[in-house]
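Trainee: Predicted structure and sequence below. I'll ask about it afterward.
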Amino acid sequence: MALPITLSEIAPRISAGAFILNSGLGKRGADEGTAAGLHGFASGTYPFLKSVDPATFVRVLSYSEIAVGAALLTPFVPTAVAGAVLTGFSGGLLGLYLNTPGMRKPGSLAPTQEGLTVAKDVWLLGIGIGLLTRGTIDRQPRRVRKAAKTLVKANKKVARAAERAA
């Protein structure tokens, strides 16, 4: 039985998964001050979180990060699923960056010094989208792959003919 993961998917899954898993494990025993700070930061951007207790918020955030990290590190989780989970998670992080005042320079996507720690998480979005597309496009049925190869060959023939005619 083959795993639903290829060699080329291992490195991005390990780098993102280990990073996120470590972050989630580090938040498990967060003190009240840390919980209040994380909750305040998130609820400033996502107002619906204001009604959530800071300790509950950090506990859910910790478990969520652990689950995302574990999904990426588990080779039995299909790449498309791992990519979708990472894309959603990183989208929330980038939402913090884009919607929190003071994170970006005025009229620009460029980060301020305060925004740099969150803006750098764009690499997670890139990995997530890459895994998502790799897990869906590259795993097309055999007839679709065969048709694509035939189309590529036909395009090469047309290009060669065009070169000869020129």
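Mentor: Ah, there it is.
Trainee: could you pull out the helices for the chain?
Mentor: Secondary structure of the chain by DSSP state H: the helices cover 7-27, 32-45, 54-73, 79-99, 116-119, 122-137, 142-165.
Trainee: residues near Ile14, how many?
Mentor: Using other C-beta atoms under 10 Å, Ile14 has 12 other residues around it. For every residue, glycine as well, the C-beta is placed using N, CA and C.
Trainee: hey, least reliable of the helices of the chain by pLDDT?
Mentor: Note on these: helix 142-165 shows the lowest mean pLDDT, a mean of 73.
Trainee: what number of residues lie near the nearest residue to Ala55 once chain neighbours are set aside?
Mentor: Excluding its sequence neighbours, the residue lying closest to Ala55 (C-beta to C-beta, 6 or more residues apart in numbering) is Ala35, at 5.1 Å. Neighbour count for Ala35, taken as other C-beta under 10 Å: 20.
Trainee: ok, Ala35 touching Val52?
Mentor: No: Ala35 is beyond contact range of Val52, at 10.7 Å (criterion: C-beta atoms under 8 Å).
Trainee: got the CA coordinates for stretch 108-123 in CSV?
Mentor: In CSV, the C-alpha atoms belonging to stretch 108-123 read as follows (Å, rounded to 0.1, in the frame of the first residue of the first chain):
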residue,chain,number,x,y,z
SER,A,108,1.4,49.3,1.6
LEU,A,109,1.6,45.5,2.2
ALA,A,110,5.1,46.0,3.5
PRO,A,111,5.4,45.2,7.3
THR,A,112,6.3,47.5,10.0
GLN,A,113,8.8,46.3,12.6
GLU,A,114,5.8,45.1,14.7
GLY,A,115,4.2,43.4,11.8
LEU,A,116,7.3,41.5,10.7
THR,A,117,6.7,38.6,13.1
VAL,A,118,3.3,37.9,11.6
ALA,A,119,4.0,38.8,8.0
LYS,A,120,6.7,36.2,7.7
ASP,A,121,4.0,33.5,8.2
VAL,A,122,3.2,34.1,4.5
TRP,A,123,5.6,31.1,3.9
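Trainee: What are the contacting residues of that stretch?
Mentor: Ala16, Ser90, Leu93, Leu94, Leu96, Tyr97, Leu98, Thr100, Gly102, Met103, Arg104, Lys105 (C-beta atoms under 8 Å, 6 or more residues apart in numbering).
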